[in-house]
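**Q** need a structure here:
(chains A and B)
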Amino acid sequence: MKQVVRVAAGQGFWGDWLEAPRRQVEGGPVDYLMLDYLAEVTMSILQKQKERDPKMGYARDFIGAIESVLPAIVERGVRVIANAGGVNPVSCAQAVKELAAARGAAGKVKIGVVTGDDLLPRLDDLIARGHALANMDTGEPLTTVRDRVLSANAYIGSTPIVEALSRGAQVVVTGRSTDTALTMAPLRFEFGWAPDDWNKLAAGIVAGHIIECGAQCSGGNCLIDWRDVPDLANVGYPIVNAHPDGTFEISKHPGTGGRISVPTVTEQLVYEMGDPHAYITPDVVADFTTIRLESVGPDRVRVFGIGGGAPTDKLKVSIAYRAGFKAVGTLVYSWPDALEKAQAADRVLRERLDRLGLRFDKIMTEFVGVSATHGPLAGQPNADLPEVQLRFGVRGESRAAVERFTRELAPLVLNGPPSVTGFAGGRPKVEEIVAYWPALIDKTEVQTAVEVIA
Amino acid sequence: MKVRLVDIAHARSGDKGDTANVGVIALKREWYPILVRELSERRVADHFRGVITGSVKRYELPNLGALNFLLHGALDGGGTLSLKTDAQGKVFSTALLRMVIDVPDAEARSLGLPSA
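**A** The predicted structure follows:
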């Protein structure tokens, strides 16, 4: 058995740095490249794409990422695990296969495809058999919004990925796997951890949580001593160096920028945390209050002591549904009296919308440069502000009403308060809102499947 | 003595639906008990009055010298529904660090806390 397995993070979300995957593979020795593409609402965007073209519905960036690392992973045997499959992992795998063939690597790259997370075709059957799929936040049953549902996917764990690896897949593509499973699966596979070895599985989850947001644990978006984080232009993405006993070190490639320290790793550990005693995943419930961190060298942090317990008998389900429309527009007002002018424009706009008889679920005004991010906590603004941005948004069920609002911003440039500019972007865009509905389902209702193609 | 939280802690925040989480981490391990004592759920709820519509829940992580706060009703519905600039709660971290706390002079001196 290997005594160390190196899992490198190359993508923290869909839209992350395109350079990162190649830098992770070429910058030094690694065994696995882990790419996380899916956020809460990504699945619904992909579902809309699939409705327009049945061959789409996966993260296209992933094909570019594979192209950028293909020669190196073939030569060095680096394996890639990604949840880039979205709502169409089979087409995603097919695209990887075609790319490999086009680049002279036909048949050299075995691709594992994990399916079974997509519950959309079974939704009515599940509801008919008594699964309420109640919203975890509000308790409402899914029937409330059933006719507006766009996608429904169960968060699946590491087991099918482990199976794909054991069947020789070099690239594993999944749909809605949990982010952490992408890191934990290769550790389970390499070290042969038993499916009920809770402490080790919990360690795999913690490792995944630390690196799943890419550079956010290695100096990116890092508040502590932020001015002194070296060479962010050349930031190194994190690598888990894991051991059979469930301990691991976080590092990055030599010669890269950024920083890995106890504080930078701690900032990432608390990111998007709920109850730290129970970080629930399909494989294990990890206890974040057991995690110990220790600096063991420059840009190297050891993580140990992690405990966990048995998982629940449920899986979380990510459901997306159409929830009306929104639009947000901005105008910039300059000195003197920038804030007063922006406030006057806000009043004019609200009165005009009211006179038009437009009704919205929500109208929101923000004054960027004064209070947009911290609200009243920001205190009294400097009276001499050089400029203030008025940011005005509406939300409602009626597309026509939201559309009409977008026509009311531009006229203010000539018929509202003075010293206004910053309208080059044109009319605000009307966006359809696709909202997120978290629910639970019995594990026994979700069967995953693994296919390996070459 | 008045002490600015931003001088004794760092923080990161994120979202889960309409809830923002803020992890607050003591800059020195010996300052963690000050955070535990001063940053009660009630104090943090008072701080965010008018900014969030729901309750505040606190969890302790002595192993990391950190507290985790869940701020419910923080994001105008959250995710794609929200009209807010900070729809994903990314800077609730720095909003919490605006807090100023009172620490008895002798204790502040013995712990080496920086004065506001």
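**Q** hmm, who's touching stretch A:338-354?
**A** Residues outside stretch A:338-354 that contact it (CB atoms under 8 Å, 6 or more residues apart in numbering or on different chains): A:331, A:333, A:360, A:363, A:365, A:367, A:369-370, A:381, A:385-390, A:392, A:394, A:405, A:408-409, A:412, A:416-420. Using the backbone N, CA and C atoms, a C-beta is placed for each residue, glycine as well.
**Q** List buried members of the residues you listed by neighbour count.
**A** Using 16 or more other CB atoms under 10 Å in any protein chain shown as the burial test, the contacts of stretch A:338-354 include A:331, A:333, A:360, A:363, A:365, A:367, A:369-370, A:385, A:387-390, A:392, A:394, A:405, A:408-409, A:412, A:416-417, A:420 as buried.
**Q** So which of those belong to helices?
**A** Among these, the ones falling in helices (DSSP state H) are A:405, A:412.
**Q** So which of the buried ones among the contacts of stretch A:338-354 reach chain B?
**A** residue A:394 (CB under 8 Å from any CB of the partner chain).
**Q** how about residue B:14, phi and psi?
**A** phi -160, psi -170 (degrees, to the nearest 10).
**Q** neighbours around it, how many?
**A** 20 (other CB atoms under 10 Å in any protein chain shown).
**Q** That one against residue B:89, yeah?
**A** Yes - counting by CB atoms under 8 Å, residue B:14 does reach residue B:89; the two are 6.1 Å apart.
**Q** Now for those two: what residues contact both?
**A** Any residue near both residue B:14 and residue B:89 by CB under 8 Å, 6+ apart counts here, and that gives B:20-21.
**Q** ok, the longest strand along chain A: who's next to it in the sheet?
**A** If you go by DSSP state E, chain A has its longest strand at strand A:314-334. Sheet pairing of strand A:314-334 (DSSP bridges) gives strand A:149-154 (antiparallel), strand A:387-396 (antiparallel), strand A:420-421 (antiparallel), strand A:431-442 (antiparallel).
**Q** Next secondary structure after the longest one?
**A** This means strand A:431-442. Later in the chain than strand A:431-442, the nearest helix or strand by DSSP states H and E is strand A:449-453.
**Q** list the buried ones in that following strand?
**A** For strand A:449-453, a neighbour-count test (16+ other CB under 10 Å) marks A:450, A:452 as buried.
**Q** Contacts for it, please.
**A** A:90, A:93-94, A:97, A:110-116, A:160, A:163-164, A:167-169.
**Q** Which ones among the residues you listed map onto strands?
**A** Among the contacts of strand A:449-453, the residues falling in strands (DSSP E) are A:111-115.
**Q** Mind jotting down where the strands sit in the stretch 101-250 of chain A?
**A** A:111-115, A:149-154, A:171-173, A:239-242, A:248-251 (DSSP state E, counting those that start in this stretch).
**Q** With respect to residue B:18, which of those strands lies nearest?
**A** Among the strands of the stretch 101-250 of chain A, the nearest to residue B:18 by CB to CB is strand A:149-154 (19.5 Å).
**Q** Quick one: distance of the closest one to the chain centre.
**A** 16 Å (CA atoms, centre = their mean, to the nearest Å).
**Q** Pull the residues that contact it.
**A** A:43-44, A:46-48, A:87, A:116-120, A:123, A:133, A:142, A:175-176, A:315-322, A:434, A:437, A:441, A:446.
**Q** nearest spatial neighbour of the residue of the stretch 251-400 of chain A found nearest chain B, skipping sequence neighbours?
**A** At 2.3 Å from chain B, residue A:270 is the closest residue in the stretch 251-400 of chain A, using CB to the nearest CB. Leaving aside its sequence neighbours, residue A:270 sits nearest to residue B:23 (CB to CB, 6 or more residues apart in numbering or on different chains; 2.3 Å).
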